[in-house]
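[1] I would like the atomic coordinates for the input below:
(one chain, ligands or ions: 1)
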Amino acid sequence: MFYDIDFIIQLILTTTFASNEAANNGTKNLYAFLTPEIIYQICEDCIDILITEENIVPIDAPVTVCGDIHGQLHDLLNILNVTYDICDLRTLFNQIEQVKYLFLGDFVDRGFYSFESILLLILLKLKFPDRVFLIRGNHESSNITKIYGFYDEVITKFGTSTPYLNITNLFNHIPLSATINSKNKDPFFAMHGGISPDLLTLSDFDAIDRIQEPPHKGPMCDILWSDPEENISSDYKVSPRGAGYLFSKRPLKEFNYTNGISMVLRAHQLVMEGYKMMFDDELCTVWSAANYCYRCGNLGSTLKIDSSGKYEFELFEGVDITSSEDTKILPVKKFNSGNEYFL
Ligand SMILES: [Mn+2]
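    Residues are numbered from 1 along each chain as shown. The predicted structure follows:
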């Protein structure tokens, strides 16, 4: 390892809170510092860790579960207890030493800081491999990120696609799901989208060869793309998203019963209230991109689970983009984020 994780995380904070003089003091510009060799090596080192993880990552609480981030770095930092006023590394690391973090995917696209958001998560995974966990979303895909913002952002910031290629290669190694408190009587099961008619038991998850660009159909695709739906009479219906399924209460409850799961935790859908419970509280959607795309006006949430399985939601509002005097959240140059596909 020829890079300093702490130093690069400090650079991310400095770039984020560029007008904070204390943060700026004595540090260099993030993009100038990060050579292609450093980004390549960071990704390779993180892949070495991800590849040791199974398709289903076992996690023991206490853990904070986070939904879609979508390049909204300020929300990610807020979740990690870092703000404009408190942006030192010790605060950040203390937080992670107290509670584990599980991120349910969709780290990139849409927001203006996809690169910084995924880089921060990669560095935290390197520093705390047993405390920070990533599972894959449908946007952790080379096809999707070419259209919805991440590719354009990297080109704008670096003038080359090389960092993008390194990071999308890393995406292919991210696990697909997690269990929380699997030894308790009421364990949780987490994934980005939802269940699949092709995945009845957890050993069906284990059997997937995940080291690939997500296919357009089949079980791996469904995990990343499916959505729960109250108003369908059949178990599964073709999804209007063009990938995955809409699934009803019956197959979800059957999946939970068969596998001894008390609740499925997933992300993937914007919820104005930050989270949504469904199907007799056997499924919950967690959404962490507050004021999505800096204009939706929604709350964000995280789900905090303790070692006994008790859980509570923490709600938060989006950063105040009108006070950009301080935080300069909206960059001068906006990135082309593709068409108006929104979920
Ligand atoms: Mn998604």
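[2] contacts and neighbour counts: CA atoms only from here.
    Fine.
[3] what element comes up after the lowest-mean-pLDDT helix or strand in the chain heading to the C-terminus?
    Least confident helix or strand, the chain: helix 21-24 with a mean of 48, by mean pLDDT, DSSP states H and E. Where DSSP states H and E defines the elements, the next helix or strand beyond helix 21-24 is helix 30-33.
[4] Report the mean confidence score over stretch 293-308.
    Mean pLDDT, stretch 293-308: 95.
[5] and if you look at stretch 235-245?
    Model confidence over stretch 235-245, given as mean pLDDT, is 96.
[6] How about stretch 118-127?
    Computed over stretch 118-127, the mean pLDDT rounds to 98.
[7] Enumerate the positions of that stretch that are buried.
    Across stretch 118-127, burial judged by 16 or more other Cα atoms under 10 Å covers 118-126.
[8] mind listing what the nearest residue to Phe279 once chain neighbours are set aside touches?
    In space, Phe279 comes closest to Lys249 once its chain neighbours are excluded; the distance is 5.4 Å by Cα to Cα, 6 or more residues apart in numbering. Contact partners of Lys249, counting by Cα atoms under 8 Å, 6 or more residues apart in numbering, are 228-230, 235, 279.
[9] ok, now with 10 Å
    Applying Cα atoms under 10 Å, 6 or more residues apart in numbering to Lys249 gives the contacts 228-236, 255, 278-280, 282-283.
[10] just the buried members of these?
    Buried by 16+ other Cα under 10 Å: 228-229, 236, 255, 279, 282-283, out of the contacts of Lys249.
[11] mind giving me JSON lines with these and columns for distance to Glu140 and secondary structure?
    Shown next, in JSON lines, are the buried ones among the contacts of Lys249 (distance: Cα to Cα, whole Å; DSSP: H, G, I helix; E, B strand; the rest coil):
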{"residue": "Pro228", "distance to Glu140": "21", "secondary structure": "strand"}
{"residue": "Glu229", "distance to Glu140": "24", "secondary structure": "coil"}
{"residue": "Tyr236", "distance to Glu140": "24", "secondary structure": "strand"}
{"residue": "Phe255", "distance to Glu140": "25", "secondary structure": "helix"}
{"residue": "Phe279", "distance to Glu140": "28", "secondary structure": "coil"}
{"residue": "Glu282", "distance to Glu140": "26", "secondary structure": "coil"}
{"residue": "Leu283", "distance to Glu140": "23", "secondary structure": "strand"}
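[12] Could you single out the nearest of the residues you listed to Leu11?
    Nearest to Leu11, judged by Cα to Cα, of the buried ones among the contacts of Lys249 is Leu283 at 38.2 Å.
[13] and the closest residue to that closest one other than its chain neighbours, what element?
    Nearest residue to Leu283, sequence neighbours excluded (Cα to Cα, 6+ apart): Val264, at 4.6 Å. Assessed by DSSP H and E, Val264 sits inside strand 263-266.
[14] Would you mark the buried spots in the following helix or strand past that strand?
    Sequence order places strand 275-278 as the next helix or strand after strand 263-266, per DSSP H and E. For strand 275-278, burial by neighbour count (16+ other Cα under 10 Å) applies to 275-276.
[15] what's strand 275-278 in contact with?
    Strand 275-278 has contacts (Cα under 10 Å, 6+ apart) with 67, 228-230, 249, 263-267, 269-270, 283-288, 299-303, 313-315.
[16] show me where the stretch 151-300 of the chain has helices.
    162-171, 202-206, 219-225, 249-259 (DSSP state H, counting those that start in this stretch).
[17] and those helices, which is most packed in?
    When these are scored by mean count of other Cα atoms under 10 Å, the highest mean neighbour count falls to helix 219-225 (a mean of 25).
[18] before we move on, back to that, now the strand holding Val264: average pLDDT?
    98.
[19] Residue numbering should commence at 13 henceforth.
    All right, first residue 13 from here; so that's strand 275-278.
[20] Direction included, what does that strand pair against?
    Sheet pairing of strand 275-278 (DSSP bridges) gives strand 200-203 (parallel), strand 295-298 (parallel).
[21] Now do the phi/psi pair for Glu329.
    Main-chain dihedrals, Glu329, degrees, to the nearest 10: phi -90, psi 160.
[22] hmm, back to that, for ChimeraX, what selects the buried ones among the contacts of strand 287-290?
    Per 16+ other Cα under 10 Å, the buried members of the contacts of strand 287-290 correspond to this ChimeraX selection:
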select :79,240,241,261,275,276,277,278,279,281,282,295,296,297,298,299,300,311,312,313,314,315,325,327
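[23] Show me what the helix or strand hosting Glu324 is packed up against.
    In the assignment (DSSP H and E), Glu324 maps to strand 323-328. Packing contacts for strand 323-328, counted by 3 or more Cα pairs under 10 Å, 6 or more residues apart in numbering; DSSP states H and E, involve strand 75-78, helix 85-91, strand 287-290, strand 312-317.
[24] try 8 Å
    The contact analysis (3 or more Cα pairs under 8 Å, 6 or more residues apart in numbering; DSSP states H and E) places strand 323-328 against strand 312-317.
[25] Tell me what angle the strand it packs on forms with strand 323-328.
    Comparing the axes of strand 312-317 and strand 323-328 via axes from the mean of the first three to the mean of the last three Cα atoms, to 10 degrees yields an angle of 160 degrees.
[26] Pairing partners for strand 312-317, with directions?
    Here, using DSSP bridges, strand 312-317 pairs with strand 75-78 (antiparallel), strand 323-328 (antiparallel).
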